[in-house]
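Peer 1: Everything below, folded, please.
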Amino acid sequence: MSQDFDIRTTNKDGLDANGPGLKQVLYGNFLALVTQFAGETAPADTYQGMPWLDISEGWTNAKMKFWNGSEWVLQNEYNPYIKDLRVSRGTKNTLWERLEVALNEDGTIKSDLAENMTEWIDSTLSATYVSADTFTVPGDYTDVFVVNRKIKATLDAESIYSAVKSANYSSADDETTVVLFDTVIDATITKIEHGIVKAGPEGSNPENNLIDETTGDIYELKMIDGSLAMEVR
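Peer 2: Below is the predicted model:
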């Protein structure tokens, strides 16, 4: 394993690249090439298109990189098929984390509406109690626990219902903290389910209101503190 690559053509350190030292220079260059300039740190001298096998995280987690003229870029960026696979993970850290929202590990759909006509979808996530209105789940699920989405939590004694007030992801802890509108959960929480519809702040109807043709009163549907309410205007 070597990162030395000698392109000299004149005497250096007592060796003549065009004379007796040629064999040693060629050997060093060949060794650097066949080992892909492997090392825990990047080669000091760089040339555009130059490879580097980054072993800073050990051989089992080695990463092949190329110098693009200004920085080291993962080899995957030069493979359109692998690049498409990386892009397909969206905003998630991994493709599996994105697919996990809808698929089980055996490839079956988590919530097949044709077979499970229910108001609730089992998140299959392990919820950890924080307080009477707060729990956490592992991973980034802020796209699942959106504001106003209905929540059903199974406790030892009963099932309780509320709605999402806020959800924030911590990359440091790799967990999503969900705050409910109501203080209804306790440390016996065992299962979290959520509603099928991601309700908007004023319901699902684009118009959000009913009009009394006789009086002209407008009855507007709104989500207030996680509950559906009607306001007369």
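
Peer 1: The spatially most central residue of the chain - nearest residue in space that isn't next to it in sequence?
Peer 2: The centroid of the chain falls nearest to residue 92 when counting by C-alpha atoms, centre = their mean (1.8 Å). Distances taken as C-beta to C-beta, 6 or more residues apart in numbering place residue 98 nearest to residue 92, at 4.2 Å, with adjacent residues excluded. Just so you know, the C-beta spots here come from the backbone N, C-alpha and C atoms, and that holds for glycine as well.

Peer 1: The residue nearest to the centre of the chain contacts residue 141, correct?
Peer 2: No - between residue 92 and residue 141 there is no contact under C-beta atoms under 8 Å: 9.9 Å.

Peer 1: my guess is residue 160 contacts residue 153, does it?
Peer 2: Yes - taking C-beta under 8 Å as the definition, residue 160 is a contact partner of residue 153 at 5.2 Å.

Peer 1: Now for those two: what residues contact both?
Peer 2: Shared contacts of residue 160 and residue 153, defined by C-beta atoms under 8 Å, 6 or more residues apart in numbering, are found at 184-185.

Peer 1: The two: which is more packed in?
Peer 2: Legend: neighbour count by other C-beta atoms under 10 Å for residue 160 and residue 153, higher for residue 153 (23 against 16).

Peer 1: which residues in this structure form strands?
Peer 2: 51-54, 63-67, 72-74, 120-122, 128-131, 134-138, 150-154, 159-170, 175-180, 191-195, 209-211, 218-224, 227-232 (DSSP state E).

Peer 1: Using a markdown table, lay out these together with mean pLDDT.
Peer 2: Output for the strands of the chain, formatted as a markdown table (pLDDT from 0 to 100):
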| stretch | mean pLDDT |
| --- | --- |
| strand 51-54 | 90 |
| strand 63-67 | 90 |
| strand 72-74 | 87 |
| strand 120-122 | 87 |
| strand 128-131 | 96 |
| strand 134-138 | 95 |
| strand 150-154 | 93 |
| strand 159-170 | 93 |
| strand 175-180 | 96 |
| strand 191-195 | 92 |
| strand 209-211 | 66 |
| strand 218-224 | 67 |
| strand 227-232 | 66 |
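
Peer 1: Take the ones you listed and lay them out in CSV including distance to residue 44.
Peer 2: As requested, the strands of the chain are exported to CSV (distance: least, C-beta to C-beta, whole Å):
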stretch, distance to residue 44
strand 51-54, 11
strand 63-67, 12
strand 72-74, 13
strand 120-122, 55
strand 128-131, 48
strand 134-138, 42
strand 150-154, 56
strand 159-170, 38
strand 175-180, 41
strand 191-195, 53
strand 209-211, 69
strand 218-224, 60
strand 227-232, 65
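
Peer 1: who's in contact with the residue nearest to residue 156 when sequence neighbours are not counted?
Peer 2: In space, and not counting its chain neighbours, residue 156 is closest to residue 188: 3.8 Å by C-beta to C-beta, 6+ apart. By C-beta under 8 Å, 6+ apart, the contact list for residue 188 reads 129, 155-157.
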